[in-house]
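below is the sequence, then the predicted model.
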Amino acid sequence: MGVMRRCAMVSISLLTVSVPALAQTGEIPSALLSPPAPQHQQGRPSLQLQPGRLCEALQQTIRSVLGPQIGAWSITVLDENGALLADVNGTVPRVPASNQKLISTAFALDRLGTDFRLRTRLLRHPDGSLEIVGEGDPDLSIAEIQRFAMVALGEGGSRSTSTPETPIRLLVREEPKRRWWPSDWQQADRTYAYGAPITRLALTSNALSSAVMNPAARLQRILDSTARQQGGRLSMVMVDHEQRERGAPIAGDDTVVLHSEDSAPMHALLSLANTESHNFTAEVLLREAADDWDVNRAALANTRWLQSQGISTAGLRIRDGSGLSRGNRVTSRTLAELLLRMGQHPMASYYQASMAIAGQRGTLRRLYRGTPLEGRFWGKTGTLRGVRTLSGILETANGPRYVSMISNGGSTPNTVMGKVLRASQRLSRCA
């Protein structure tokens with residue numbers, strides 16, 4: 001784990017839950033909306049549902065919409081005060097698909113803050129060795145790697161420090177291959193761009209038209225080609241990040257940063273993960289928030305963070321940060337509580353601005369156009385074979401509604417979800 005972190009921890013009170021038991025692209029979009037300035041947040045109310053306080057009209061409407069497929073669905077609707085307005089199978093753990101990203105991005109925003117950027121650096125250690133270290137910038141480009149090569153050869157690409165006979169030795173700090181993919185990602189998924197390996201130095205997110213299966217070899221080719229164009233040579237040596245950190249920490253007193261390239265800011269990283277559902281970015285944010293690139297330890301840190309917020313983790317199982325793993329389990333109750341919690345967070349505006357918008361932006365741009373939902377629902381979609389999920393913030397005449405819907409095996413999910421959202425909008429005032 002790294003010793004120099006750029007964290008912005010937010011001091012927050014716990015969310016007390018008191019409810020009855022009830023039965024990809026690799027490019028940052030050019031038109032990302034910058035979030036409004038965070039507004040002052042009042043003290044967070046707890047979930048204060050008393051027995052019998054469900055909105056019966058909404059509850060019955062949702063059950064009617066689901067009909068005979070009710071067993072395949074989990075749906076929870078909360079209001080801004082934490083009142084549970086509707087809940088169908090809300091405590092049943094299900095596969096969340098990309099709704100998992102709502103959990104990892106909330107964790108990252110709270111732990112790392114709005115000023116966070118992923119950095120890639122060229123270091124010179126006291127012994128004179130040169131080393132490239134990265135944090136998984138999803139938009140790391142060939143041009144940026146070429147600049148690292150130029151600096152490594154000598155300031156401005158000087159030929160004086162390297163010749164074809166005497167190559168410069170360049171250490172490249174990377175995760176061991178066993179950590180490039182969560183262990184239960186299916187082999188077929190790993191060959192596609194959406195299942196590309198998760199590495200610290202990932203040119204174009206380790207994806208072209210498909211996954212780049214050997215990112216180190218690609219990096220070596222670009223470094224070598226650039227060096228030869230300058231009349232020199234670079235000899236790249238891969239080193240294990242965790243082992244190297246113990247012997248030569250990045251933040252060593254006499255270590256000099258020769259060159260640095262920063263990623264897009266946090267609001268763009270969040271939007272890439274949530275609006276565009278970019279798996280690689282979500283995975284990196286999970287690891288950086290946990291300050292640990294072992295996905296199992298990072299998942300445990302994410303779980304403990306949820307618990308520290310007072311969010312229900314009953315039945316929760318985190319296997320990755322993106323939702324590509326079918327081993328993930330979460331309840332609609334947990335996701336709705338998370339949305340409520342983040343809605344009252346000091347950085348709430350950044351979190352909401354990272355989501356797709358019904359009929360307008362991201363993975364929701366083609367859904368619910370020309371309906372009262374257009375521009376009124378901010379959410380995160382999720383899709384795997386047999387799985388469809390949608391969770392987010394619904395604007396109503398009576399305040400926001402925090403809605404989570406998970407279908408594992410349900411039919412016509414888009415139609416069902418649209419009907420549930422419209423009912424939540426129409427019945428937002430429930431005595």
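Ah, there it is. Numbers count the residues shown, from 1 in each chain.

pLDDT at the residue nearest the centre of the chain, what is it?
In the chain, the C-alpha closest to the average C-alpha coordinate belongs to Ala282, at a distance of 2.6 Å (CA atoms, centre = their mean). Reported pLDDT at Ala282 in the predicted model: 99.

ok, now how distant is it from Pro138?
According to CB to CB, to the nearest Å, Ala282 stands 10 Å off from Pro138. Where you see a C-beta, it was placed from the backbone N, CA and C, and this is true even at glycine.

equivalent analysis for Arg169, please.
From Arg169 over to Pro138 the distance is 28 Å, taken as CB to CB.

look at these two and report which has more neighbours.
When neighbours are counted by other CB atoms under 10 Å, Arg169 and Pro138 differ, and Pro138 comes out ahead with 28 against 14.

got the contact list for that one?
In this structure, Pro138 makes contact with Gly26, Ile28, Leu118, Ala202, Ser205, Ser263, Leu269, Leu272, His278, Phe280, Thr281, Val284, judged by CB atoms under 8 Å, 6 or more residues apart in numbering.

go on, Ile318?
In this structure, Ile318 makes contact with Gln100, Ile103, Ala299, Leu300, Asn302, Thr303, Asn328, judged by CB under 8 Å, 6+ apart.

try Ala57
Leu427, Cys430.

mind doing that once more with 10 Å?
With contact set as CB atoms under 10 Å, 6 or more residues apart in numbering, Ala57 has these partners: Leu85, Ala86, Ala423, Arg426, Leu427, Cys430, Ala431.

output stretch 60-74 as CSV, nothing but the C-alphas.
Once non-C-alpha atoms are left out, stretch 60-74 reads as follows in CSV (Å, rounded to 0.1, in the frame of the first residue of the first chain):
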residue,chain,number,x,y,z
GLN,A,60,-49.8,-1.8,-4.0
THR,A,61,-49.2,-0.1,-7.4
ILE,A,62,-45.6,-1.6,-7.5
ARG,A,63,-46.8,-5.0,-6.5
SER,A,64,-49.5,-4.8,-9.2
VAL,A,65,-46.9,-3.7,-11.8
LEU,A,66,-44.7,-6.7,-10.9
GLY,A,67,-47.5,-9.2,-11.0
PRO,A,68,-46.5,-12.9,-11.2
GLN,A,69,-42.7,-12.0,-11.6
ILE,A,70,-42.6,-10.3,-8.1
GLY,A,71,-40.2,-13.0,-6.8
ALA,A,72,-37.5,-11.9,-9.3
TRP,A,73,-37.5,-8.3,-8.2
SER,A,74,-36.3,-6.2,-5.3
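
and it, average pLDDT?
Computed over stretch 60-74, the average pLDDT equals 98.

how about that stretch: buried residues?
Buried residues in stretch 60-74, counted by 16 or more other CB atoms under 10 Å: Thr61, Ile62, Val65, Leu66, Ile70, Ala72, Trp73, Ser74.

after the one helix or strand the third one maps to, next one along is what?
Yep, that's Val65 we're talking about. Element membership for Val65, per DSSP states H and E: helix 56-66. Using DSSP H and E, the helix or strand that follows helix 56-66 towards the C-terminus is strand 73-79.

on that earlier part again, who wins on neighbours among the contacts of Ala57?
The most neighbours of any of those, using other CB under 10 Å, belong to Ala86, which has 28 neighbours.

and that residue, that's in a strand?
Yes: secondary structure assignment places Ala86 in a strand (DSSP: H, G, I helix; E, B strand; the rest coil).

OK, contacts around it?
Residues near Ala86 by CB under 10 Å, 6+ apart: 22, 54-63, 75-78, 336, 401, 403, 420, 423-424, 427, 430.

from Cys55, how far off is it?
6 Å.

are there residues contacting both of those two? Which ones?
Between them, Ala86 and Cys55 share the neighbouring residues Thr61, Ile62, Val77, Ala423, Ser424, Leu427, Cys430, with contact defined by CB under 10 Å, 6+ apart.

and the contacts of Ala57, which two are the farthest apart?
Looking at those by CB to CB, the two members farthest from one another are Ala423 and Ala431, with 16.0 Å of separation.

could I have stretch 408-418 exported to PDB, CA atoms only?
The C-alpha coordinates for stretch 408-418 follow below in PDB (Å, rounded to 0.1, in the frame of the first residue of the first chain):
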ATOM      1  CA  ASN A 408     -32.600 -11.100 -11.400                       C
ATOM      2  CA  GLY A 409     -34.600 -13.000 -14.000                       C
ATOM      3  CA  GLY A 410     -37.500 -10.600 -14.500                       C
ATOM      4  CA  SER A 411     -39.100  -9.900 -17.900                       C
ATOM      5  CA  THR A 412     -39.500  -6.500 -19.700                       C
ATOM      6  CA  PRO A 413     -37.400  -4.700 -17.100                       C
ATOM      7  CA  ASN A 414     -37.200  -1.300 -18.800                       C
ATOM      8  CA  THR A 415     -41.000  -1.200 -18.900                       C
ATOM      9  CA  VAL A 416     -41.400  -2.300 -15.300                       C
ATOM     10  CA  MET A 417     -38.800   0.200 -14.100                       C
ATOM     11  CA  GLY A 418     -40.500   3.100 -16.000                       C
END
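
contacting residues around it?
Here stretch 408-418 has contacts from 62, 65-75, 92-97, 358, 366-368, 371, 373, 377, 379, 381, 383-384, 386-391, 403, 405-407, 419, using CB under 10 Å, 6+ apart.

now these: which count as buried?
Buried members of those, scored by 16+ other CB under 10 Å, are 62, 65-66, 70, 72-75, 92-97, 358, 367-368, 373, 377, 379, 381, 383-384, 387-391, 403, 405-407, 419.

which of these fall in helices?
Among the buried ones among the contacts of stretch 408-418, the members falling in helices are Ile62, Val65, Leu66, Lys419 (criterion: DSSP state H).

tell me which of those is nearest to Arg341?
Ile62 (22.7 Å).

ok, that closest one touching Arg426?
No: with contacts defined as CB atoms under 10 Å, Ile62 does not count as touching Arg426, sitting 11.9 Å away.
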